[in-house]
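>>> No sequence on hand, only this structure:
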């Protein structure tokens, strides 16, 4: 399947946020193999490199379809992939979910907050989402901090496979526009 979606390019002071590409795959694979990085997102992969590559290729070709807008995040000064940030429809919460993940070497630099602050408005203003949600394991303090910084509001707890109860956050377009 050939994806004909227009290239998306979002810039911050230190980051480039863009459509994913196979050039990102070596760093994506490193992330997926790192238990600490993947602790709250399903755990380190058990798949072979070839299987992961095939899955990533499918993700790239599905970019823009069914509300799947998970962007690659590139650090400007190094021009290297440092993570992802974007949106995907989540069956568990029955809504569009903002999600993000960054390489361990990029942790502690504020990149996730910088990307999420730029991607959230893109979701409401350009993609015209009516509501954006997030599910966060309460043990993941860094992720809870990001969600609070970008203005999502705590809704309550929900059950999440292999994690138990997680915190559900949400922001409606009308609330976003009033800020």
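Right, received. Where do you want to start? Quantities reported herein were computed from a predicted structural model and do not represent experimental measurements.

>>> Run through the helices of the chain in chain order.
25-33, 49-61, 111-125, 141-149, 173-178 (DSSP state H).

>>> which outside residues touch the longest one?
The contact list for helix 111-125 (C-beta atoms under 8 Å, 6 or more residues apart in numbering) reads 10, 12-15, 17, 69, 71, 73, 75, 82-83, 85-87, 96, 98, 100, 102, 129, 132, 142, 145-146, 149-151, 171, 173, 176-177. The C-beta positions use only the backbone N, C-alpha and C, and glycine is treated the same way.

>>> now those: which count as buried?
Neighbour-count burial (16 or more other C-beta atoms under 10 Å) applied to the contacts of helix 111-125 gives 10, 14-15, 17, 69, 71, 73, 75, 82-83, 85-87, 96, 98, 100, 102, 129, 132, 146, 150, 171, 176.

>>> burial count for residue 53?
By other C-beta atoms under 10 Å, 16 other residues sit near residue 53.

>>> OK, contacts around the nearest residue to it once chain neighbours are set aside?
Sequence neighbours aside, residue 25 is the residue nearest to residue 53 in space, at 6.1 Å (criterion: C-beta to C-beta, 6 or more residues apart in numbering). Counting by C-beta under 8 Å, 6+ apart, residue 25 makes contact with 52, 53, 56.

>>> could I get those residues as TSV with pLDDT and distance to residue 123?
Output for the contacts of residue 25, formatted as TSV (pLDDT from 0 to 100; distance: C-beta to C-beta, whole Å):
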residue	pLDDT	distance to residue 123
52	83	27
53	89	28
56	86	22
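
>>> Okay, now the unreliable bits of this protein?
Applying pLDDT under 70 to the chain flags residues 1-5, 34-40, 42-45.

>>> What's the biggest strand in it, counting residues?
strand 80-90 (DSSP state E).

>>> Give me the helices and strands touching that one, please.
helix 25-33, strand 69-75, strand 95-102, helix 111-125, strand 131-136 (3 or more C-beta pairs under 8 Å, 6 or more residues apart in numbering; DSSP states H and E).

>>> quick one: contacts of the last one?
Read it as strand 131-136. 40, 87, 90, 92-93, 95-99, 120, 123-124, 143-144, 147, 152, 155, 158, 160, 166-173.

>>> ok now that strand, how far from the chain's centre?
Distance of strand 131-136 from its chain centroid, counting by C-alpha atoms, centre = their mean, to the nearest Å, is 11 Å.

>>> just the first one next, same as before
Per C-alpha atoms, centre = their mean, the displacement of helix 25-33 from the mean C-alpha position of its chain is 15 Å.

>>> And for the fourth one?
Put simply, helix 111-125 sits 10 Å off its chain's centre (C-alpha atoms, centre = their mean).

>>> and stretch 122-130, how far out from the chain's middle?
That offset, for stretch 122-130, works out to 15 Å (C-alpha atoms, centre = their mean).

>>> Please consider this matter closed, and thank you.
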